[in-house]
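Asker: Fold the following and give me the result.
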Amino acid sequence: MINSVCRTTDSEYQMVKVAIAGATGYTGAELVKLITGHPRAELVAVTSRSYGGEALENIFPAMRSIVNIRCEEMEPKSLSGRVDCIFLALPHKVSMQYAPVFLENNIKVVDLSADFRFKTLSAYEETYQKHSAPELLERSVYGLSELYEDKIREADLIGNPGCYPTSFLLPILPLIREGAIRKDGIISDSKSGVSGAGRSLSLTSHFCEVTESFKPYKVGAHRHVPEMEEILSEHAREKINITFVPHLLPMSRGMLTTIYAELSEKTTYEAILKIFMNYYESRHFVRILPKGKFPDTAHVRGTNFCDIGFWVDDKSRRIIIVSAIDNILKGAAGQAVQNMNLMFGMDEKSGLELIPGAI
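Answerer: This is a model prediction of the structure:
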């Protein structure tokens, strides 16, 4: 039985009843693990288009004797009264069909597709497809937990950020908001593990295509660029365009982003450090590394941390920032649970105090 005992000493705490739609993808499976181990959440239902009626432990044998639940067909109204929150780990365009029904039934929604990340309808439709629930875009809150906490706490619909945007926006937004860097000429060079492509079969993610290979993809055409530019422009209060080049790494999970930007004026390492510390010193999941130290994907693997290191180049008046996240956790499922915690008035760390492995 899942989470049959509430692991908290506060008798006033109530368990948040949770459903996960799309539980058999990589992100969905991570959500199952996180909610199963969460001290204040109970996994009530999981859905799957491909495995309806199948026990989850048969799909993921590692969950045997730990997760005792069967996949259901997606029936939104059947979840009314059973759950308080649902995670939509579904493809783009599918989530928008279901979110309105859940909201009408007082079920809070954390959507991990792109369907509710945009405020501008045209930006979404130019990047993805026609939106069937555009009236919800203003209602949704962008789920970058550290920078939208106050809005997330009041929200019932979260557009969980993409993995690349999370690794890019957490380091860059404090500098944009404080006017420390120029708003033109920003470059993001990002690398992701293969799990970012999802669990569905694809030639480009086959072992023989990926192993001993390192390559860029979707140069100049990646769908996360409009998402990043919209958030950047919101904080800069003017239109910002960036250069973004994603790469595929021959590893299962992890993401490393290197950002290049020109400083707005002559400054020091210590001045930039002060900006980062003002934003993140009290935020558990963002770790600013000591001078001369830079992130390693191995040090955040299996955690909800974002590690940030940077260097101020006095000669070129540029700043080089490096961030590392686990693309399935802080870049997806982990941040989604962090958002759920905030939505239900919990400590944002609840269920996410995962310790990185030494090897």
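Asker: Now do the same contact list for R139.
Answerer: With contact set as Cβ atoms under 8 Å, 6 or more residues apart in numbering, R139 has these partners: 156-157. C-beta coordinates here come from the backbone N, C-alpha and C atoms, glycine included.
Asker: Checking it next. Helix, strand or coil?
Answerer: Secondary structure state of R139, per DSSP: H, G, I helix; E, B strand; the rest coil, is coil.
Asker: mind giving me the domain ranges of this protein?
Answerer: Domain ranges of the chain: 16-139, 164-327, per automatic domain parsing.
Asker: Need the three-state assignment for the most far-flung residue of the chain relative to its centre.
Answerer: Here the centre of the chain is the reference, and by Cα atoms, centre = their mean the most remote residue is K315, at 35.3 Å. At K315 the chain is in coil, as set by three-state DSSP.
Asker: what does S233 give?
Answerer: When classified by three-state DSSP, S233 comes out as helix.
Asker: Neighbours of it, how many?
Answerer: 17 (other Cβ atoms under 10 Å).
Asker: ok, it to Y164 distance?
Answerer: Distance from S233 to Y164, counting by Cβ to Cβ, to the nearest Å: 17 Å.
Asker: A336 too?
Answerer: For A336, the distance to Y164 - Cβ to Cβ - is 16 Å.
Asker: Please apply the same query to A155.
Answerer: Applying Cβ to Cβ, the value for A155 to Y164 is 23 Å.
Asker: Show me which of these two is the more surrounded one.
Answerer: Remark: of A155 and Y164, Y164 carries more neighbours, 26 against 21, as counted by other Cβ under 10 Å.
Asker: Show the contacting residues for the more buried one.
Answerer: Counting by Cβ under 8 Å, 6+ apart, Y164 has contacts 188, 190, 192, 222, 224, 228, 244, 246, 255, 257, 331.
Asker: Am I right that it sits in a helix?
Answerer: Yes - according to three-state DSSP, Y164 belongs to a helix.
Asker: The closest residue to K215 other than its chain neighbours: how many residues sit nearby?
Answerer: The shortest distance from K215 to any residue other than its chain neighbours is 5.8 Å, reached at L248 (Cβ to Cβ, 6 or more residues apart in numbering). If you count neighbours by other Cβ under 10 Å, L248 ends up with 21.
Asker: do P61 as well
Answerer: Using other Cβ under 10 Å, the number of residues around P61 comes to 7.
Asker: Distance check, it against A55.
Answerer: According to Cβ to Cβ, P61 stands 11 Å off from A55.
Asker: Repeat that for D189.
Answerer: Per Cβ to Cβ, D189 is found 43 Å from A55.
Asker: likewise D84?
Answerer: Per Cβ to Cβ, D84 is found 24 Å from A55.
Asker: Looking at the two, which has the bigger crowd around it?
Answerer: D84 (20 against 15).
Asker: Verify the stated contact: that one with V16.
Answerer: Yes - using Cβ atoms under 8 Å, D84 is in contact with V16, at 5.1 Å.
Asker: Report the set of residues contacting both of the two.
Answerer: By Cβ under 8 Å, 6+ apart, D84 and V16 have these common neighbours: F344.
Asker: same for the helix or strand containing N278, what does it pack against?
Answerer: N278 belongs to helix 269-280 when assigned by DSSP states H and E. Judged by 3 or more Cβ pairs under 8 Å, 6 or more residues apart in numbering; DSSP states H and E, the packing partners of helix 269-280 are helix 163-177, strand 286-288, strand 306-313.
Asker: would you turn the ones you listed into TSV with distance to S78 and mean pLDDT?
Answerer: Shown next, in TSV, are the helices and strands packed on helix 269-280 (distance: least, Cβ to Cβ, whole Å; pLDDT from 0 to 100):
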stretch	distance to S78	mean pLDDT
helix 163-177	31	98
strand 286-288	39	98
strand 306-313	37	97
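Asker: Nearest to M340, out of the ones you listed?
Answerer: Judged by Cβ to Cβ, the one of those that comes nearest to M340 is helix 163-177, at 16.1 Å.
Asker: gap between the helix or strand bottoming out on mean pLDDT in the chain and the chain center?
Answerer: Sorting the helices and strands of the chain by mean pLDDT, DSSP states H and E puts helix 207-210 at the bottom, at a mean of 70. Helix 207-210 sits 26 Å away from the centroid of its parent chain (Cα atoms, centre = their mean, to the nearest Å).
Asker: can you check stretch 130-143 too?
Answerer: 17 Å.
Asker: coming back round to it: pull out the buried residues from the helix holding N278.
Answerer: Across helix 269-280, burial judged by 16 or more other Cβ atoms under 10 Å covers 272, 275-276, 279-280.
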